[in-house]
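In: following is a predicted model, sequence given first.
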Amino acid sequence: MSFRKFINEANEAIKFGLKRLDIQNESYSLSEPAKENFGDLSCNVAFLLAKRLQKSPSEIASILAEQCNHYFDTLVTKSQSYVLSVVAHESGYINFKGDFGLIGKEIISDILKNQLNLDTGKRTKVIIEHTSVNPNKALHVGHLRNVVIGDTLYRILKKTNHDVTVLNYVDDSGLQVADILVGFLFLRFPVEPSDKKTKFDQYCGNAIYVKVNELYEKDPSLIEKRKSLLRKLESGDTEIVSFASEITSKVLKDQLRTCWRMKVRYDLLNFESHIIRSNLWAKTFEKMRKEKIILKESEGENIGCWVFNSIEEGTKIIVRSDGTATYMAKDIPYALLKVGTIEDPFKYRVFIKQWDSTDLWITTSDESKNGDHPIFFPAEYSVTVIDNRQSRLQKIIKEILSKFESKPNKYLHLSYGPVLLSSRTATSLGINTDYQKSTQMSGRKGIYVDADFVLDTLYGKAKDETMKRNPEINGNDLDRTSEEIAISAMRYSLIKNDLEKEIKFDLNDSLSLDGNSGPYLQYAYARCCRLIEKANEKTFDGDVKYLSEKIEERILKHLSKFEMTIDNTTKNLEPKLVAQYVYELATLFNLFYEILPILKESNPNTSKARITLVEAIRQIMRINLSLIGITPLERM
RNA sequence: GGGCCCAUAGUUCAGUUUGGAUAGAAUGGCUGCCUGCGGAGCAGUUGGUCGAGGGUUCAAAUCCCUCUGGACCCGCCA
């Protein structure tokens, strides 16, 4: 926590100074100044005191700075101070300069000895639910945002020693599944796509789902057929259920292929049909009724319905007058299960082995399968990754949960803005944009950009670039490298921005491998690797005191902020902070590489120190890249 | 109608939580830098009434109010 120690010490110095001037209860902020030549930390307290003391900020700053300096006399050994100087600026700021000789020495040592302190989780059990795409279509770029946010969060929480379980909820008995069943059973779509190379999820989504929805308008009798299929699905009609299960699991496996390609993994799949059969809903309903969380309306427009009266959101129907549960109601038992309000009724078996050789589990009704399995439920807190259109429902679920539990905030909704198509991209897909700036995607209407298609296109582009630079590269390395570059471009572009902002997806722009992009980060890492390889060092024991150039100090400072950045990321659930951190590190490194000789430096002490610095950068970069799911490449 | 989110350079975005010093990147345009540690790089240049108006403050992109423009949610659909 090197940089934080520096902040703490500066804070102590300010407090000390204020005390000596007999000033109490003054709040202030200690922040990084806009420009580096003002120092490393600035305090605004003099501005705040101006009125109270009837003096100018400038005057107060200089008096206070002098008192602050006495703080360092109280330290046992001044050489252990992280603060190099405290000076009052005429503007009124008190500026602190850090001792990056000392801070740098500590952070480099921590990095190289693998002694970074990232354990903020202390084995806290966390459940993350993400992806949860209906199993009737292939993933589009909008789904990928969800997948990548969820997986990045998983990686960060895992690294900070949280005990993380990743769930993927599969709605295998809903309307959207009934839609493709209509296609197969009534419109006679073949059970296999005519072109064997077509992925089954794409076949269902692109050919059948869209077509069926078009036909509903021309032939309303199909809607009746869908309704009857849905009833059979819910009532457990053996023939239909088993056919549906065959279809959805084929789609699901293809969806998982796309997710795995993105280096995403899960622990458990929860099928809606299993939850229905498990009796969880019945228990939940009973409980809500008993505790008077929901009430039966005896008059008015909702007569005969069981409703929840939300304080802020008004009346919400939970059970219809015909006794069936609404869409939202089905999420309640799942939420209760996650936070431990109801007991886990499931038995488990391994569904499939994943790309990282971990097991992906599913629930099962097979009585014999209840041997050793990980403990999935419950968690200390649960994070559900769903886009912001679901905010209202998530809020109501959270409110219902709070009726069961006195402890708040165990159930979190990680909200994000949807991915829209830029008008250029929409037009290129033949969609009439009506001169709008961007277009909502819709699986049902066929308005979307397929995830695999984008990855394939990126892959092709990365391959061209890689071949240009490495004419001698062999086929396997070329394929692997190109794929990793494609994934890094995709993943980075989906998390580098603020979660709440919509992403306007433009196919052309997303194909860029330059600038603030995933491949830029990988390139910086590869450069580090080549330097280390050529340096042929084993020990990395260069002395930080030879790193006195401005750029070197900036790098040491940035490295020292790593633990703090990760801490903020987990506290605020903001994956972009990691992306921004590693981008800045890559930028600083590229600059360093450009302006200073490393291997060619004539002073051996300086050269050794620089090589050590490169190694530290490389380590931090490697950790950060893996946190955001980008594979560090030694060559590209 | 109620709720929620957004608006910063031609474009895509940081910065807003916690007010502070000359508002930063990337991309596009223009221009330099490879017999040199890898040019997927670096540097320079171009480009801003921070949607508008008002308020609070010594100080507002940031806080408050009003307005405008855009998106989304508000069903006994999922």
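Out: Cool, got the structure.
In: please name the residues that touch the residue lying closest to residue A:163 once chain neighbours are set aside.
Out: Excluding its sequence neighbours, the residue lying closest to residue A:163 (Cβ to Cβ, 6 or more residues apart in numbering) is residue A:125, at 4.5 Å. Bear in mind the C-beta positions are built from the backbone N, C-alpha and C, glycine included. For residue A:125, the set of contacting residues under the criterion of Cβ atoms under 8 Å, 6 or more residues apart in numbering consists of A:162, A:163, A:164, A:165, A:378, A:379, A:380.
In: check residue A:176 too.
Out: With contact taken as Cβ under 8 Å, 6+ apart, residue A:176 is in contact with A:134, A:136, A:137, A:209.
In: residue A:251 is in contact with the third one, correct?
Out: Yes: distance between residue A:137 and residue A:251: 7.3 Å, which falls inside the contact criterion (Cβ atoms under 8 Å).
In: tell me the predicted confidence for the residue positioned nearest the centre of chain A.
Out: Geometric centre of chain A, nearest residue: residue A:149, 2.9 Å, by Cα atoms, centre = their mean. Residue-level confidence at residue A:149 comes out at 98, pLDDT.
In: over to residue A:424?
Out: The model reports residue A:424 with a pLDDT of 84.
In: same check on residue A:480?
Out: 97.
In: in what helix or strand does it lie?
Out: Using DSSP states H and E, the element containing residue A:480 is helix A:475-495.
In: in that helix, which residues are buried?
Out: A:481-495 (16 or more other Cβ atoms under 10 Å).
In: what does the stretch 51-200 of chain A put close to RNA strand B?
Out: Contacts of the stretch 51-200 of chain A with RNA strand B, taken as Cβ under 7 Å from any atom of the strand, map to A:51, A:57, A:89, A:91, A:92, A:93, A:95, A:171, A:174, A:175, A:176.
In: residue A:285: what's it in contact with?
Out: Contacts here follow Cβ under 8 Å, 6+ apart; on that basis residue A:285 touches A:294, A:306, A:319, A:325.
In: just the pLDDT for it.
Out: At residue A:285 the predicted local distance difference test score is 95.
In: did I read that right, it in a helix?
Out: Yes: using DSSP: H, G, I helix; E, B strand; the rest coil, the secondary structure at residue A:285 is a helix.
In: now for residue A:137 and residue A:251: what residues contact both?
Out: For the pair residue A:137 and residue A:251, residues contacting each of them under the criterion Cβ under 8 Å, 6+ apart are A:201, A:204.
In: surely residue A:38 touches residue A:88?
Out: No: Residue A:38 is beyond contact range of residue A:88, at 11.5 Å (criterion: Cβ under 8 Å).
In: neighbour count for the two, which is higher?
Out: Set residue A:38 next to residue A:88 and count neighbours by other Cβ atoms under 10 Å: residue A:88 wins out with 22 against 17.
In: tell me the contacts of the nearest residue to residue A:262 once chain neighbours are set aside?
Out: Computed as Cβ to Cβ, 6+ apart, the closest residue to residue A:262 that is not its neighbour in sequence is residue A:487, at 5.9 Å. Remark: with contacts taken as Cβ under 8 Å, 6+ apart, residue A:487 is in contact with A:261, A:262, A:263, A:455, A:518, A:629, A:630, A:631.
In: quick one: which of those residues is nearest RNA strand B?
Out: Out of the contacts of residue A:487, the one with the shortest distance to RNA strand B is residue A:518. That distance is 9.3 Å, counting by Cβ to the nearest atom of the strand.
In: can you give me the neighbour number for the closest one?
Out: Residue A:518 has 30 neighbouring residues, counting by other Cβ under 10 Å.
In: likewise the one 10 residues further on?
Out: The local packing of residue A:528 (other Cβ under 10 Å) involves 24 other residues.
In: and residue A:417, what is it in contact with?
Out: Taking Cβ under 8 Å, 6+ apart as the definition of contact, the neighbours of residue A:417 are A:387, A:388, A:499, A:500, A:501, A:502, A:503.
In: try it again with 7 Å
Out: Neighbour list for residue A:417: A:387, A:388, A:500, A:501, A:502, A:503 [criterion: Cβ atoms under 7 Å, 6 or more residues apart in numbering].
In: hang on, the third one is in a helix, isn't it?
Out: Right, the one you point to is residue A:500. No: inclusion of residue A:500 in a helix is not indicated when three-state DSSP is applied; the result is coil.
In: tell me how far the closest residue in space to it that isn't next to it in sequence lies from residue A:145.
Out: In space, not counting the residues next to it along the chain, residue A:500 is nearest to residue A:417; the distance is 5.6 Å by Cβ to Cβ, 6+ apart. Residue A:417 is 8 Å from residue A:145, where distance means Cβ to Cβ, to the nearest Å.
In: repeat that for residue A:178.
Out: Using Cβ to Cβ, one obtains 27 Å as the distance from residue A:178 to residue A:145.
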